[in-house]
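*Asks:* Sequence and predicted structure below; questions after.
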Amino acid sequence: MTSTYLVEVIITNKKGVRDPEGETIHKHLILRKGYASVQSVRTGKYLLLSVNALSGEDAIRIVKELCEKLRIYNPVVHDIEVRLRG
Amino acid sequence: MGKIAILKFPGTNCDEDVYYVVKNVFSLDAEIVWHKSFKSVKGWDAVIIPGGFSYGDWLRAGAIAARTPAIESLVEARDLNIPVLGICNGFQILVEASLLPGALLPNENGKFVCRWVRTVVERPKGPWLSMAREGEVLDMPVAHAEGRYYVDEKTFYSTLMKSPLIRYVDGENPNGSLYNIAGVATEDGVILGLMPHPERASESILSPRGFKAGGRVIFESLRQSIKRGW
Amino acid sequence: MPLSHAEIDEIRNILRREPTVEELAMFEAQWSEHCSYKSSRLLLKLLPTEGRNVVIGPGRDAPAVKLFKDWLVVFKIESHNHPSAVDPYNGAATGIGGVVRDILTLGAKSIALLDMLYLGDPRNPHANWLIRGIVKGISDYGNRIGVPTVAGDAWFDPAFNTQPLVNVACIGIVRPEEIISSGPSPGDLIVIVGNATGRDGLLGSSFASKPLSEDVDKDIGAVQVGDPLTEKLLIDAIEVIRKRRLAKYVKDLGGGGLTTAIAETAADYGLGAVIHLEKLHTREPLTTLEILVSESQERMMIVVEQSKLSELVEVLENYDLMYSVIGFFTDDGVIRVFYNGSKVAEVPAKELAKPKPIRRASSPPMEALKGLKPLYSLPPEPRYDDAILKVISSPNVASKRWIYEQYDYEVGIRTVIKPGYGDAAVLRLLDGTNRGVAVKGDANPRYTYLDPFNGAANAVAECFRNLIAVGSRPLAIVDELNAGNPEKPEHFWYFEMMLKGVAWMAEELMLPVVGGKVSFYNEDHTGRQVKPTATIVGVGRVQDVTKTTTIDFKESGSYIILVGVTYPELGGSEYLYRVFRLEEGEIPKPRPCSELRNGRFVYKAIKLGYVKATHDISVGGLATAVIEMSILGNLGFDIDLEKVFAIGAQRIDEVLFSETQARYILEVDPKAINNLLKLANRFGVKISIIGRVTDSGEARFRKRDKTIASIDLDLLRDAYRESLSREIEGGI
């Protein structure tokens, strides 16, 4: 029996890789408007997949596999987080 | 002062183009003003926000520039009746600053597009379109990644259909804009924003075969309007 | 590539002691192939680099050539092949960033970018991913910095499926009296401007100086993210700095990072330097070694007199640019590096900057024989309607619209001849005159693979023709030689032959090679080299941009003129590859005398106003050239192949698709035809009137009364305009 799971994929630049977009939002918007408590900003890309699978783990496995195989992210630059929504 | 301010932000890249055209093609007095030095619209004959990628277009195109003091000071333009033109990124900034309605989303095909297109003017009015005729076709190039205009139906019918509007000719919509919208204005036409680049379509030498310099009417209108009002 | 034992011994000799780790890292970065040209330097001397228009030749970050007496053109070519294979988006983007900064170093205004891309089969999933990423990277970076991408070259071949070639060039202009070139003096301050230095891009140049490792993840140290916003601010700031004459010298922090920038500057001016590393702005805590060799992007070195520092700082702060004053130049020729007061390195600048050149062994591989044997027997003649459609729809021939429409080719309002309309792009100078500059980049990887010497020579000739075809006078070229592993004699042979081919043809056509780059180690993880490729970028002088010519047919009734003699040269042709999958045979011979004679004739004919449209003949031959003119002009044609002046051709395809060099197609008004014939006579040029432009909506080739091919223009237009997009978008 399969049911439908919502799986989130968040793609961000790896820790050591720069993120000029995040840096710009941080420096030119957030800090300039006085939110000095914000230490840094990292941006990323968000995908929401609706997957028919046997279980939540199965849904995650399918999504992880396709992210690898279809180059949804570039492992050289990006980290991904794959998780169930809900 | 009697001058046109061309506003420049980090990442603005059409400031010199607009300056050249306004000054050398239309003999208007203009100055490129770095955003930090722009305090108020008072004293300027008109303000042009040129194209480019202000603050890298990050977050959303125009979003960061819209929160700068320079743009926040533009609110006064409406009350003072000072013409404001946003071209491409300038249009995105005006929309992000809520000086014009709607939103500009990433192009339908997800790609930057640089191409000459034909547009049509509807209900021309105000300082930027006073010399244009109803239904006049204007050829201009677009060059943007986030130009898909979006607006809710209610605003479209209640506001935009009463205001000057520039639309892509059917079949030439390069980005999937709703209602083929290429440019919108306030009802009186004092604030106009458009995705195509009139400054790139103001000299015949730059128009490719089959296209006319459709941007001229915008700057000619401005020249007349500054002299005689609109 | 780590230093060899011999090199480490050499370093001990230079220092007369054991090197510190910092010193070793500095030598490793600077002595990498990428920075030092150690394998190529001896051969590079063969290139003709001088000419009466050359103001600054090879050596600086970018050369300068006299465009007019009151304008210099500064141009440069770069490759970013290895970074683009690993991270196509950022790899290509940072390639643009680097080449633009090179132009900035002379204070020139960047007015155009070119991209020469040698890519894999669009239907191969990995290659497709690379193609999209590379084009998007160039688009996002080039568009954001406001420099139009106006021309280039694109080629698709499975040989580039995993290792593409990404060659980019930038063209700048500057007034001769405003060029930043006074050079540093002892006591001048070293200011590093732009992005904070980080761990990204550690030893990137040594990364580019070795083959891709199988596990690309290990190469993470070399991944760098482009920051076009900072680049744009650097462009804006340096324009002000140039106008106010605040800098004595500017250099990019590119390959080899801080080490290379300082070592080369000091060595070039016989100076030394004192550097305090702790003063540099960094993004994270870094070791001294990392600071010295990090290749973080968007950083430049500005050398300033002490008295002008505060004025410089004011400019930088106005543009929100980060900066640090890290040291000063000295007169003793030694670079001394300190960290919090303690000395971490002390090396002589000259010895650091230039390692001894290496003489590499070179021998041709068996594979090279493919291009040396003549084609004894051709396959049977095909149906020519089909063959023409196949060639026109080849991604190597079809419109590159899918690529160039992603580029803002209009920004700057200079682009008079835009992508897709001419053999070269033409930009006006926007100085109140009608003067301009023509630019184009060319290569043919199949030619250089089959015959590196003649293939490279043909690339120079094609660039020359493209510049002529728009009505410009070719002035100078730069070259990028993409080859395999220089340690393998059978790879190095290709490099050596390409270089000699460029040198020969450049000399013959009187085109000084004012700069260039060498990229080695272009091989996949199995050690197979990609097709060795010689990329040429040239600039031409345009007296009047309103008198240039484009490709498109203008008027029904015009004569179609073929300039030059056609020989049966189908070896290495697009026709053989596309129709029969053959990639062999002798490639077309370079014909320098004909190039010069025919080129001068076409230039003159355009100048005298006889010509309405011009197109050079290259990939795909005569058939392709006239069909392109026809599609773009939306006019048909009727051509009698019997009229083609051909020597030795026995078959129709040897006329239609031969890629014989030194040929052009002209559209000529019937009223001007007599004048043109007289002019041809005077120049001793062979021309043939081969047909007429028609409004029939049909492309027709016949032999006297016998129709060879007759194709509806709409069908051809669709194939030409949409094929590349179909290959890429529907390619998986």
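*Replies:* Cool, got the structure.
*Asks:* Look up which helix or strand the residue in chain A that chain B sits nearest to falls in, please.
*Replies:* Nearest residue of chain A to chain B: residue A:21, at 4.1 Å (Cβ to the nearest Cβ). For glycine as for every other residue, the C-beta is placed from the backbone atoms N, C-alpha and C. In the assignment (DSSP states H and E), residue A:21 maps to helix A:20-25.
*Asks:* now for the top helix by length along chain A, which elements pack on it?
*Replies:* The single longest helix within chain A, with elements called by DSSP state H, is helix A:56-69. Packing partners of helix A:56-69 (3 or more Cβ pairs under 8 Å, 6 or more residues apart in numbering or on different chains; DSSP states H and E): strand A:3-13, strand A:44-53, strand A:78-84.
*Asks:* Just the mean pLDDT for it, thanks.
*Replies:* Averaged over helix A:56-69, pLDDT sits at 95.
*Asks:* Same question for stretch C:513-524.
*Replies:* So the average pLDDT for stretch C:513-524 ends up being 94.
*Asks:* got the end-to-end distance for that stretch?
*Replies:* 30 Å (Cα to Cα, to the nearest Å).
*Asks:* and if you look at stretch C:662-677?
*Replies:* Using Cα to Cα, first and last residues of stretch C:662-677 are 18 Å apart.
*Asks:* wait, does that stretch make contact with chain B?
*Replies:* No - counting by Cβ under 8 Å from any Cβ of the partner chain, chain B is not contacted by stretch C:662-677; separation bottoms out at 13.5 Å.
*Asks:* what bridges to the residue nearest to residue C:511 when sequence neighbours are not counted?
*Replies:* Spatial nearest neighbour of residue C:511, chain neighbours left out: residue C:477 (5.1 Å); criterion: Cβ to Cβ, 6 or more residues apart in numbering or on different chains. Counting by DSSP bridges, residue C:477 is bridged to residue C:513, residue C:538.
*Asks:* Tell me, how many residues neighbour residue C:477?
*Replies:* When neighbours are defined as other Cβ atoms under 10 Å in any protein chain shown, residue C:477 has 31 of them.
*Asks:* Please name the residues that touch it.
*Replies:* Residue C:477 makes contacts with C:460, C:463, C:506, C:511-514, C:536-539, as judged by Cβ atoms under 8 Å, 6 or more residues apart in numbering or on different chains.
*Asks:* The longest strand anywhere in chain B: how far from the chain's middle?
*Replies:* When chain B is parsed with DSSP state E, its longest strand is strand B:113-122. Here strand B:113-122 is found 13 Å from its chain centre; the criterion is Cα atoms, centre = their mean, to the nearest Å.
*Asks:* Keeping just the C-alphas, turn that strand into PDB.
*Replies:* In PDB, the C-alpha atoms belonging to strand B:113-122 read as follows (Å, rounded to 0.1, in the frame of the first residue of the first chain):
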ATOM      1  CA  VAL B 113      15.900  36.800 -22.400                       C
ATOM      2  CA  CYS B 114      17.400  39.500 -24.600                       C
ATOM      3  CA  ARG B 115      15.300  40.100 -27.700                       C
ATOM      4  CA  TRP B 116      13.600  42.900 -29.700                       C
ATOM      5  CA  VAL B 117       9.800  42.900 -29.300                       C
ATOM      6  CA  ARG B 118       6.900  45.000 -30.400                       C
ATOM      7  CA  THR B 119       4.600  46.700 -27.800                       C
ATOM      8  CA  VAL B 120       1.400  48.700 -28.100                       C
ATOM      9  CA  VAL B 121       0.500  51.700 -26.000                       C
ATOM     10  CA  GLU B 122      -3.000  52.000 -24.500                       C
END
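*Asks:* Name every strand pairing with that strand and say which way it goes.
*Replies:* Strand B:113-122 has its sheet partners listed here by DSSP bridges as strand B:137-144 (antiparallel), strand B:165-168 (antiparallel).
*Asks:* Tabulate those strands (TSV), appending mean neighbour count.
*Replies:* TSV is the format used below for the strands paired with strand B:113-122 (neighbours: other Cβ atoms under 10 Å in any protein chain shown):
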stretch	mean neighbour count
strand B:137-144	24
strand B:165-168	24
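*Asks:* Output the ones you listed as TSV; include the columns mean pLDDT and distance to residue C:190.
*Replies:* Converted to TSV, those look like this (pLDDT from 0 to 100; distance: least, Cβ to Cβ, whole Å):
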stretch	mean pLDDT	distance to residue C:190
strand B:137-144	98	39
strand B:165-168	98	52
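*Asks:* and of these, who's closest to residue C:445?
*Replies:* When the strands paired with strand B:113-122 are compared by Cβ to Cβ, strand B:137-144 sits nearest residue C:445, at 30.6 Å.
*Asks:* Let me know the next secondary structure element after that closest one.
*Replies:* With DSSP H and E, the next secondary element past strand B:137-144 is strand B:148-150.
*Asks:* Distance check, residue B:50 against residue C:324.
*Replies:* 32 Å (Cβ to Cβ, to the nearest Å).
*Asks:* And the two? Which one has more around it.
*Replies:* residue B:50 (26 against 17).
*Asks:* In space, what's closest to the more buried one - neighbours in sequence excluded?
*Replies:* The shortest distance from residue B:50 to any non-neighbouring residue, by Cβ to Cβ, 6+ apart, is to residue B:14 (4.0 Å).
*Asks:* residues contacting residue 51?
*Replies:* Since no chain was named, I'll use chain A. Residues near residue A:51 by Cβ under 8 Å, 6+ apart: A:4-7, A:59, A:62-63.
*Asks:* could you do chain B instead?
*Replies:* Per Cβ under 8 Å, 6+ apart, neighbours of residue B:51: B:12-14, B:87-90, B:143-144, B:197, C:411.
*Asks:* Give the bridge partners for the residue nearest the centre of chain A, please.
*Replies:* For chain A, residue A:10 is the residue whose C-alpha lies nearest the centre (Cα atoms, centre = their mean; 1.0 Å). Applying DSSP bridges to residue A:10 gives these bridge partners: residue A:46, residue A:81.
*Asks:* Next one: it from residue B:33, what distance?
*Replies:* 40 Å.
*Asks:* Kindly state the pLDDT recorded for the residue of chain A closest to chain B?
*Replies:* Looking at residue A:21, its pLDDT stands at 94.
*Asks:* now swap in residue C:178 and tell me
*Replies:* On the pLDDT scale, residue C:178 is placed at 95.
*Asks:* residues in contact with it?
*Replies:* With contact set as Cβ under 8 Å, 6+ apart, residue C:178 has these partners: C:107, C:242-243.
*Asks:* repeat that with 7 Å
*Replies:* If a contact means Cβ atoms under 7 Å, 6 or more residues apart in numbering or on different chains, then residue C:178 has C:107, C:242 as its contacts.
*Asks:* Tell me how far it lies from residue C:582.
*Replies:* Residue C:178 sits at a distance of 53 Å from residue C:582 (criterion: Cβ to Cβ).
*Asks:* One more: residue C:134?
*Replies:* 28 Å.
*Asks:* can you check residue C:439 too?
*Replies:* 33 Å.
*Asks:* Which one's more surrounded, these two?
*Replies:* Legend: neighbour count by other Cβ under 10 Å for residue C:439 and residue C:582, higher for residue C:439 (31 against 17).
*Asks:* Assign that one to helix, strand or coil.
*Replies:* Following DSSP: H, G, I helix; E, B strand; the rest coil, residue C:439 is assigned to strand.
*Asks:* and if you look at residue C:7?
*Replies:* Three-state call for residue C:7 (three-state DSSP): helix.
*Asks:* Excluding chain neighbours, what is closest to it?
*Replies:* residue C:31 (6.4 Å).
*Asks:* Count the neighbours of that neighbour for me.
*Replies:* Residues lying near residue C:31 (other Cβ under 10 Å) number 26.
*Asks:* Likewise for residue A:12?
*Replies:* Neighbourhood size, residue A:12 [other Cβ under 10 Å]: 19.
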